[in-house]
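Student: need a structure here:
(chains A and B)
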Amino acid sequence: MEWFNALLADNRIFTPDTLGYYWEGLVTTTQLVFLSLLVGLVLAVPLSILRGSKHKWIKLPIYTYTYVFRGTPLLIQLYIIYYGVVFFDGIQETFLWPMLREAFYPALIAFTLNTAAYTTEIFHGAIKSTARGEIEAARAYGMSPGLTMRRIILPSAFRRALPAYGNEVIFMLHASAIASVVTLMDITGAARFVYARYYAPFEAFLFAAAIYLCLTFAILFFFRHLEKRLLAHLRPQSG
Amino acid sequence: MKKLLTVSILGLAIAAGSAHARDYDHVRFGVDVPYEPMEYRTPEGELTGFDIDLGNALCEEIGITCEWIEQEWDGIIPGLLSRNYDAIMSSMTINDERRETVLFSEPYITPPSAWFAPADSDLEETTEETLEGKTIGVQRGTLQDNYVTDMYGDVASVSRYSTADDMVLDMQAQRLDIVFLDFPVGKSTLLDSESRDYKVVGETITEPKEYFGDGFGIAFRPRDEALADRFNEALATLQEDGTYDEIFERYFGEE
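Tutor: Below is the predicted model:
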């Protein structure tokens, strides 16, 4: 601890106070990204299956949704949701307001819808590229379409989607940096606060960048591990 | 150490020499818009406000031309230091913290800060008890931000905005319970607005000096002492010949 105190003693920027802000920012960013990815994933699985439906009226709305959310910047989506909701008259009186009042939930909604759109397309692509033979074999065994989806298509599709999905997780972490424009104190928000208070852009943003790097490293490690386990059958067999 | 000192003094001397050599005939002002009535745009898009009019009058008095460059508040001092503009005239309060980084002119106006809340709010005074659990709006990096963060950061949640109008928007949306602003700005954006009724909570605030400083000044790079002197002289002239009062009345009426 002594070296740590010595390190802090000689500067006026990284005081326990400002480190507290960075910590608060780390917690907010992690919550925001983790929750939006979780909910986004839950939404994306059924959507990606329905996205491949033969019926136009099921397929088209989902395609429109993913197209709109992938075709516009996340920042714009965040602005629309954060500032847009208050233009509905009387929203302040509804049961939704306690949530929409905080900056956290509008940001969570925007991030969730955005990542769900991307994840839907990633999974849809993986499902579509399932080998024809696997599906035919399943049918030959007398599996119903539902069972085929559950036992054959989804497990192999998820495995194939894993590397692309890992990228999406990292993109989401980095995209979350815009949360500070709607007053959220995330990692970037903490950096902007320190920057504005001490006029120290380099220190403030370099420190934030270092935190993002650590988070990215953790995510990479997790997905590397997951891929090693789940994609083991793709590795060349030795011995 | 001694050598280092000599070298740095030498460096300073050279820097000071070159600063003298540089005679400004054109000054670029950094300004954070909107901050009504200090600086804002008319519906026609024209930049106006107390700072703008006074700044232009000062330049005219000195006999130089000037230009206004918009810059968001939280990057306004770094922008000055990285030479995006030569001075800041944007309702910047003179205080010791900023004096370490920039050189200030004499104060040209000394407005207080004040708390603003919706008229139907039950907030009557601002103490740690009454503000507990409330959401307070401030503009990021302002002295109001520093004051609120240090005094109430532990009991209330502080929402920080890049621009004052984002904050007013969220005030109207009822996301904020109370905001802390320069009084003239709060008066013109909240009290005089027609959308909802607002009130001032408690007294206007000018103390402690540690936060609220000595009024608004024009900020220069530390080496531009000569330029700051020219502006100080011009300010004194305008205050004597009545031009200053005329501009003051244009924006604040008779107060």
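Student: From now on I want contacts and neighbour counts done on CA atoms only, so please keep to that.
Tutor: Fine.
Student: For the stretch 51-200 of chain B, which residues are neighbours of chain A?
Tutor: B:74-75, B:77-78, B:140-142, B:146, B:159-162, B:173-175 (C-alpha under 8 Å from any C-alpha of the partner chain).
Student: Helices - which of the residues you listed land there?
Tutor: Counting by DSSP state H, these place B:Ile77, B:Pro78, B:Asn146 in helices.
Student: for these, which one is nearest B:Thr189?
Tutor: Checking those against B:Thr189 with C-alpha to C-alpha, the nearest one is B:Asn146 at 21.6 Å.
Student: wait, what's in contact with the closest one?
Tutor: By C-alpha atoms under 8 Å, 6 or more residues apart in numbering or on different chains, the residues touching B:Asn146 are A:Arg197, B:Tyr211.
Student: measure it to B:Leu181 for me?
Tutor: Separation of B:Asn146 from B:Leu181 (C-alpha to C-alpha, to the nearest Å): 12 Å.
Student: Equivalent analysis for B:Glu207, please.
Tutor: 14 Å.
Student: More neighbours: these two, which one.
Tutor: The residue with more neighbours, out of B:Glu207 and B:Leu181, is B:Leu181; 23 against 12, by other C-alpha atoms under 10 Å in any protein chain shown.
Student: Quickly list what that one is bridged to.
Tutor: B:Ala114 (DSSP bridges).
Student: interface residues of chain A facing chain B?
Tutor: Those residues of chain A that sit near chain B, judged by C-alpha under 8 Å from any C-alpha, are A:86, A:92, A:101-102, A:181-184, A:192-193, A:195-197, A:199-201.
Student: in the chain, what spans have low per-residue confidence?
Tutor: All of this refers to chain A. Where chain A drops to pLDDT under 70, the residues are A:1-10, A:239.
Student: Please refer instead to chain B.
Tutor: Checking chain B against pLDDT under 70 turns up B:1-22, B:254-255.
Student: just the helices in it please.
Tutor: B:2-21, B:50-62, B:76-81, B:96-99, B:143-152, B:164-172, B:183-186, B:209-212, B:225-241, B:243-252.
Student: mind checking how far B:Ser82 is from A:Ile187?
Tutor: 25 Å.
Student: Please, which helix or strand holds A:Val169?
Tutor: helix A:154-175 (DSSP states H and E).
Student: Next secondary structure after whichever helix in chain A runs longest?
Tutor: The longest helix of chain A (DSSP H) is helix A:16-51. Following helix A:16-51 in sequence order, the next helix or strand is helix A:56-71 (DSSP H and E).
Student: Smallest gap between chain A and chain B, at which residue?
Tutor: Nearest residue of chain A to chain B, counting by C-alpha to the nearest C-alpha: A:Ala196, 4.6 Å away.
Student: That residue and B:Cys59, how far apart?
Tutor: In this view, A:Ala196 and B:Cys59 are 29 Å apart by C-alpha to C-alpha.
Student: Paired strands for the strand of greatest length in chain B, with orientation please.
Tutor: Of all the elements of type strand in chain B, the one with the most residues (DSSP state E) is strand B:198-205. Here strand B:198-205 is paired, per DSSP bridges, with strand B:113-118 (antiparallel).
Student: The strand it pairs with versus helix B:143-152: what angle between them?
Tutor: For strand B:113-118 against helix B:143-152, the angle by axes from the mean of the first three to the mean of the last three C-alpha atoms, to 10 degrees is 80 degrees.
Student: could you check the angle helix B:164-172 makes with strand B:113-118?
Tutor: Going by the same axes, to 10 degrees, strand B:113-118 makes 40 degrees with helix B:164-172.
Student: can you list contacts of strand B:113-118?
Tutor: B:123, B:144, B:177-183, B:186, B:190, B:196-206.
Student: The same query, at a cut-off of 7 Å, please.
Tutor: B:177-183, B:186, B:197-201, B:204-206 (C-alpha atoms under 7 Å, 6 or more residues apart in numbering or on different chains).
Student: Tell me which of the helices of chain B lies nearest to A:Ile81.
Tutor: Checking the helices of chain B against A:Ile81 by C-alpha to C-alpha gives helix B:164-172 as the closest, at 13.1 Å.
Student: contacts for that closest one?
Tutor: Outside helix B:164-172, the residues within contact range by C-alpha under 7 Å, 6+ apart are B:Pro34, B:Tyr35, B:Gly137, B:Gln139, B:Tyr161, B:Leu176.
Student: Out of the residues you listed, which comes closest to A:Thr119?
Tutor: Nearest to A:Thr119 among the contacts of helix B:164-172: B:Tyr161, at 31.9 Å, using C-alpha to C-alpha.
Student: and the closest one, how many neighbours?
Tutor: For B:Tyr161, the count of nearby residues is 24 (other C-alpha under 10 Å).
Student: Next up, the contacts around it.
Tutor: By C-alpha under 7 Å, 6+ apart, the residues touching B:Tyr161 are A:Thr183, B:Val138, B:Gln139, B:Arg140, B:Met167.
Student: now the contacts of helix B:164-172 in TSV, with distance to A:Phe223?
Tutor: TSV is the format used below for these (distance: C-alpha to C-alpha, whole Å):
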residue	distance to A:Phe223
B:Pro34	46
B:Tyr35	48
B:Gly137	40
B:Gln139	40
B:Tyr161	36
B:Leu176	41
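Student: Can you turn the buried part of these into a PyMOL selection?
Tutor: Here is the PyMOL command that selects only those of the contacts of helix B:164-172 that count as buried (16 or more other C-alpha atoms under 10 Å in any protein chain shown):
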select buried, chain B and resi 34+35+137+139+161+176
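Student: how about the contacts of helix B:164-172, which pair is most distant?
Tutor: For those, and using C-alpha to C-alpha, no pair is farther apart than B:Pro34 and B:Leu176, which are 19.5 Å apart.
Student: Let me see the contact set for A:His124.
Tutor: Residues in contact with A:His124 (C-alpha under 7 Å, 6+ apart) are A:Ser48, A:Ile49, A:Arg51, A:Gly52.
Student: To what extent is the first one buried, counted in neighbours?
Tutor: Spelled out, it's A:Ser48. So A:Ser48, with other C-alpha under 10 Å, has 25 neighbours.
Student: if we can go back for a sec, just the CA coordinates of the longest strand of chain B, formatted as PDB?
Tutor: Below are the C-alpha coordinates for strand B:198-205, written out as PDB (Å, rounded to 0.1, in the frame of the first residue of the first chain):
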ATOM      1  CA  TYR B 198     -40.000  28.200 -11.600                       C
ATOM      2  CA  LYS B 199     -38.800  29.900  -8.500                       C
ATOM      3  CA  VAL B 200     -35.500  30.800  -6.800                       C
ATOM      4  CA  VAL B 201     -34.900  28.600  -3.700                       C
ATOM      5  CA  GLY B 202     -33.200  30.500  -0.900                       C
ATOM      6  CA  GLU B 203     -30.900  33.400  -1.200                       C
ATOM      7  CA  THR B 204     -28.500  34.000  -4.200                       C
ATOM      8  CA  ILE B 205     -25.000  32.800  -3.300                       C
END
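Student: So for that strand, what gets flagged as buried?
Tutor: Neighbour counts over strand B:198-205 (16+ other C-alpha under 10 Å) mark B:Tyr198, B:Lys199, B:Val200, B:Val201 as buried.
Student: And the ones in helices among the residues of the stretch 51-200 of chain B next to chain A, which is closest to A:Phe34?
Tutor: B:Asn146 (31.3 Å).
Student: how near is that closest one to B:Arg160?
Tutor: 11 Å.
Student: likewise B:Gly133?
Tutor: Applying C-alpha to C-alpha to B:Gly133 and B:Arg160 gives a distance of 16 Å.
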